[in-house]
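Participant: Here is the input, now give the coordinates:
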Amino acid sequence: MKILVVDDKQSLSELVAQFLGQSYQVTTMENGLAAMTWLHEGNLPDLIITDLEMPEMDGFELIKRIKETGLFSDIPIIVLSCRDSSTDRVECLRLGADDYMVKPFNPEELLIRVDKLLIRS
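Facilitator: Model prediction:
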């Protein structure tokens, strides 16, 4: 099972990749634009974890584009952000995200949420 982690903070991407890499094959991208390019090159992850605040293409736009594209619309998305407002949560869920976690986060909780989404899909 493949997971795509999209975050402009490399230290966070590496932490997530290291933790989830024990159970999954993890690829990291630094922003939504790079992630979309990677997807259009024929890469299909089983799940996407994205930050919201990134240069070039933010997480909101990434979720919107993934859900608009028939090819990728079934891929579950978990948002991992420092933004803890219910407005952001509602917007992400409305756009099609499956889950929303606030940084700093418990890696074990993230793993459980990932497992649940992947078992369900």
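Participant: Mind pulling up the pLDDT for the residue positioned nearest the centre of the chain?
Facilitator: In the chain, the centroid-proximal residue (Cα atoms, centre = their mean) is residue 49; its distance is 1.6 Å. With respect to pLDDT, residue 49 has a value of 98.
Participant: could you point out which element follows the helix or strand where it lies?
Facilitator: Counting by DSSP states H and E, the element that carries residue 49 is strand 47-50. Sequence order places helix 59-68 as the next helix or strand after strand 47-50, per DSSP H and E.
Participant: The longest helix along the chain packs against which elements?
Facilitator: Looking across the chain with DSSP state H, the single longest helix is helix 107-120. Contacts defined by 3 or more Cβ pairs under 8 Å, 6 or more residues apart in numbering; DSSP states H and E place helix 107-120 against helix 10-20, strand 47-50, strand 77-81, strand 99-102. (C-beta placed from N, C-alpha, C; glycine too.)
Participant: Save those as JSON lines, and put in distance to residue 117 too.
Facilitator: JSON lines is the format used below for those (distance: least, Cβ to Cβ, whole Å):
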{"stretch": "helix 10-20", "distance to residue 117": "12"}
{"stretch": "strand 47-50", "distance to residue 117": "6"}
{"stretch": "strand 77-81", "distance to residue 117": "7"}
{"stretch": "strand 99-102", "distance to residue 117": "7"}
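Participant: rank these by mean pLDDT and give me the bottom one.
Facilitator: Note on these: helix 10-20 shows the lowest mean pLDDT, a mean of 94.
Participant: if we can go back for a sec, angle of the longest helix of the chain against strand 77-81?
Facilitator: Counting by axes from the mean of the first three to the mean of the last three Cα atoms, to 10 degrees, helix 107-120 lies at 160 degrees to strand 77-81.
Participant: For helix 107-120, list every residue counted as buried.
Facilitator: 110, 111, 113, 114, 117 (16 or more other Cβ atoms under 10 Å).
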